[in-house]
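Need coordinates for the below:
(chains A and B)
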Amino acid sequence: MGHLLEVRNLEVKFALRFGDLTAIDNISFTLDKKEKLGLVGESGAGKSVTGFSIINLISKPGYISGGSILFEDRDLSKLSTGEMRKLRGHRISMIFQDPMMTLNPVLTIGTQMTETVLAHMKVSKSDAMDIALEKLKKVYIPSPEKRLFQYPHECSGGMRQRIVIAIALLTNPSLIVADEPTTALDVTIQAGIMDLLQELCTTEDMGLILITHDLAVVSQVTDKIAVMYAGRIIETGPTEEIVNNPRHPYTKGLINSLPGGLQAGSRLAQIPGMMPTLTDIPDGCAFNPRCTINGPICLEKLPELRVLDGKNHSAACHMLENDQRDK
Amino acid sequence: MDKSNHLLTIENLVKHFDISGGLLDQLSIEKGRVKRHRTIVKAVNDVSLFIKPGETLSVVGESGCGKSTLARTILGLYPPESGQVFYRGDRIDHLSSQQMLPYRTKMQMIFQDPYASLNPRMNVERILEEPVIFHNKSIRSDEVTEKVAEVMDLVGVDPKWSDRYPHEFSGGQRQRISIARALMVDPEFIVADEPVSALDVSIQAQILNLLMDAQEKRGLTYLLITHDLSVVEHVSTRVAVMYLGCLCELATVKELYNSPRHPYTKALLSAIPRLGVRQPKHIRLKGEVPTPINLPPGCVFHNRCTYADDRCIVEVPKLLELPSGTFVACHRVEEGRLD
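Predicted coordinates for the structure are as follows:
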């Protein structure tokens, strides 16, 4: 059997009045069981669209225009709505950023949890309640019996996100896509949620895709990282490699711009300018207007992801290729 | 404490919000008698601190700990329930808005969300000249134009764009414009409430550099409100840690990050995600932050603290100065039973 998830040359477009807009351009990655992948990038890089396309939640005018998403050896991009519905929330679950928006405010937590169980499994209502209770215990919710009959507004932000995770776990999925799961939460709560996600990947045999803008969080949790910029993966590799030995100028800039490692009070390294909007992505390498090491070729040709060394570390940059040749 | 040496001194500041609603909402019948109940959010409780000229004092804490309320109360945007605020030795918390005017040019604020804090119907020039003209009615128009160009240049927005509107700018550019607006009246003291939280990492670095540059060039003093502890470590001189409206620890940035004393500070610092450090053992706090409506008796942190004993449940700890210069409010530290 191959990988748990294999995304090959995925391309997502949005059909707009003035033509198609490419949001995701030719991205590929794989994920195995128990493996944790971090998708990192700034807003507008296409990380969330990637996450949504995996569970086929891209809504109009967006559509998957090319490539394949192989999950447990089935191509998700070819499935019908009905088949996808059976899979979504059952084998693949998603955790969203804002737990207040994902929970229904007028239903009790128990109702919301059993709803998912009853939709995907042939069990009685009381059995569904038992499953819900068991999962609430798994995410360390104090007095879970009481929580089942409470409404979302009666829980704090961290508690709600735990409940959302419990809902994602209900059907024992083999893949969880978590889109900025802790961005709305405080650091102490964030640390708890990240511990929990990590632990669950091991105990429940799940794969995790963690989408976030926070490199520090990703570096603590994941096994490998893919850095996205303007709809493409520009660097990917094992987490330690990316953090300690970033090669692409954007990744380097991103890591250097983080306060923390530097002497306090010194100037932070900054990347000039900002990410281009999808409507006017520059020719050649999308990063070239902000890049400090670019050459003439960067303005003309789009760089491809190339393996740099034996550690599965690859980056898409013409300048690095030259380096390699020089060596 | 010598107040005139400090730019700003706050003594026993208390700010409560009454959220009980109208009179009819407050009334209820108990045992045949009408009773009146009031619901009060105790946002800031008995906070005292001072800010020295030229320094950056950061206030950190989790959401709902009262850090933004503290900042707004200092600026007089909320009237305090009790306590005093001194600016260069002059008491300012009880002044009328007319009497407050001269202090307003000295103290300016930068807000979190640059999408909400700039008027969408004004172009950049009008946004920037408004505070100058308001505070100095006799200023000549060519002086204003010159000033606008100078400040725009300082914050890195091309003065040619002064006739554009906020929606034509990106988030980072807008935050530069709101910093420019604060700098227009030549303030000494700037309160920045989460100035970089809404921005992307690479833009965040640009804005932090801008704030540090402006401080160097103009000798500004900052009160920085933020929840991002790695930003705090980078830019501040001293740090105040708040929990549930109370100050738990106040120390220089080095002291605080190297040897935090208060159990809450320890837990907070251990939870910061750090690049490349895999799974650091962070201190897990039990339970959740209680609501500021029903403050726990004694030390506000006692029901989540692993070191709490009987004294913590009964007695509110006072902020004490340690030999290292750190101020900390904890009975255990005071008794020397916790290092």
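
spatially speaking, which residue is in the middle of the chain?
Because you didn't say which chain, this covers chain A. In chain A, the residue lying closest to the centroid (CA atoms, centre = their mean) is residue A:211, at 2.7 Å.

actually it's chain B I care about, not the one you picked
residue B:225 (3.6 Å).

Quick check on that one: phi, psi?
phi -100, psi 120 (degrees, to the nearest 10).

and it, how far is that from chain A?
Counting by CB to the nearest CB, to the nearest Å, the separation of residue B:225 from chain A is 14 Å. Heads up, the C-betas are built off the backbone N, CA and C, glycines and all.

Same question for residue B:205.
4 Å.

ok, now which ones touch that residue?
A:257, A:258, A:259, A:268, A:269, A:270, A:271 (CB atoms under 8 Å, 6 or more residues apart in numbering or on different chains).

Residue B:185 versus that one, what's the distance?
Distance of residue B:205 to residue B:185, computed by CB to CB, to the nearest Å: 27 Å.

do residue B:100 as well
14 Å.

Which of the two has more residues huddled nearby?
residue B:185 (18 against 15; other CB atoms under 10 Å in any protein chain shown).

show me what contacts that one?
Taking CB under 8 Å, 6+ apart as the test, what residue B:185 contacts is B:104, B:105, B:108, B:131, B:132, B:135.

The last one contacts residue B:103, correct?
In this case it means residue B:135. No. Counting by CB atoms under 8 Å, residue B:135 sits too far from residue B:103 to count as a contact (10.9 Å).

How are the strands of the stretch 101-250 of chain A distributed by residue range?
A:175-179, A:207-212, A:224-229, A:232-238 (DSSP state E, counting those that start in this stretch).

Show me how far the second one is from its chain's centre.
So the one you mean is strand A:207-212. On the basis of CA atoms, centre = their mean, to the nearest Å, strand A:207-212 sits 4 Å off its chain's mean C-alpha point.

Check residue A:65 and give its pLDDT.
Reported pLDDT at residue A:65 in the predicted model: 91.

any idea how far it lies from chain B?
For residue A:65 relative to chain B (CB to the nearest CB), the value is 27 Å.

host element of that residue?
strand A:62-71 (DSSP states H and E).

got the buried residues for the longest helix seen in chain B?
Of all the elements of type helix in chain B, the one with the most residues (DSSP state H) is helix B:201-218. Within helix B:201-218, the residues scored as buried using 16 or more other CB atoms under 10 Å in any protein chain shown are B:201-212, B:214-215.

Next: stretch B:99-106.
Buried residues in stretch B:99-106 (16+ other CB under 10 Å): B:103, B:104, B:105, B:106.

surely the second one meets residue B:135?
What it means is residue B:104. Yes. At 7.1 Å, residue B:104 and residue B:135 qualify as touching, with contact defined as CB under 8 Å.

List the contacts of residue B:307.
B:263, B:332, B:337, B:338.

burial of the third one, as a residue count?
Neighbouring residues of residue B:337 were enumerated by other CB under 10 Å; the total is 11.

ditto for the last one
By other CB under 10 Å, the residues close to residue B:338 number 15.

what sits against the closest residue to it other than its chain neighbours?
Of all residues not flanking residue B:338 in the chain, residue B:332 sits nearest, at 4.0 Å (CB to CB, 6 or more residues apart in numbering or on different chains). With contact taken as CB under 8 Å, 6+ apart, residue B:332 is in contact with B:263, B:307, B:309, B:312, B:338.

Filter those residues down to the ones in helices?
Checked against DSSP H, the contacts of residue B:332 include these in helices: B:263, B:312.

With pLDDT as extra columns, can I get the contacts of residue B:332 in JSON lines?
Shown next, in JSON lines, are the contacts of residue B:332 (pLDDT from 0 to 100):
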{"residue": "B:263", "pLDDT": "92"}
{"residue": "B:307", "pLDDT": "88"}
{"residue": "B:309", "pLDDT": "87"}
{"residue": "B:312", "pLDDT": "90"}
{"residue": "B:338", "pLDDT": "72"}
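
what about the strands in the stretch 1-150 of chain B?
B:8-18, B:27-30, B:33-36, B:40-51, B:56-60, B:82-87, B:90-91, B:107-110.

Among those strands, which comes closest to chain A?
strand B:56-60 (9.1 Å; CB to the nearest CB).

what helices or strands is that closest one leaning on?
helix B:67-74, strand B:221-225, helix B:229-235, strand B:238-243 (3 or more CB pairs under 8 Å, 6 or more residues apart in numbering or on different chains; DSSP states H and E).

between these, which gets the lowest average pLDDT?
helix B:229-235 has the lowest average pLDDT among the helices and strands packed on strand B:56-60, namely a mean of 89.

on contacts alone, who are the packing partners of that helix?
Helix B:229-235 packs on strand B:56-60, helix B:201-218, strand B:221-225, helix B:253-258, going by 3+ CB pairs under 8 Å, 6+ apart.

related to what we said a few turns ago, in JSON lines: the strands of the stretch 101-250 of chain A, plus distance to residue B:93 and mean pLDDT.
Listed next are the strands of the stretch 101-250 of chain A as JSON lines, based on distance: least, CB to CB, whole Å; pLDDT from 0 to 100:
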{"stretch": "strand A:175-179", "distance to residue B:93": "45", "mean pLDDT": "93"}
{"stretch": "strand A:207-212", "distance to residue B:93": "42", "mean pLDDT": "94"}
{"stretch": "strand A:224-229", "distance to residue B:93": "49", "mean pLDDT": "94"}
{"stretch": "strand A:232-238", "distance to residue B:93": "53", "mean pLDDT": "93"}
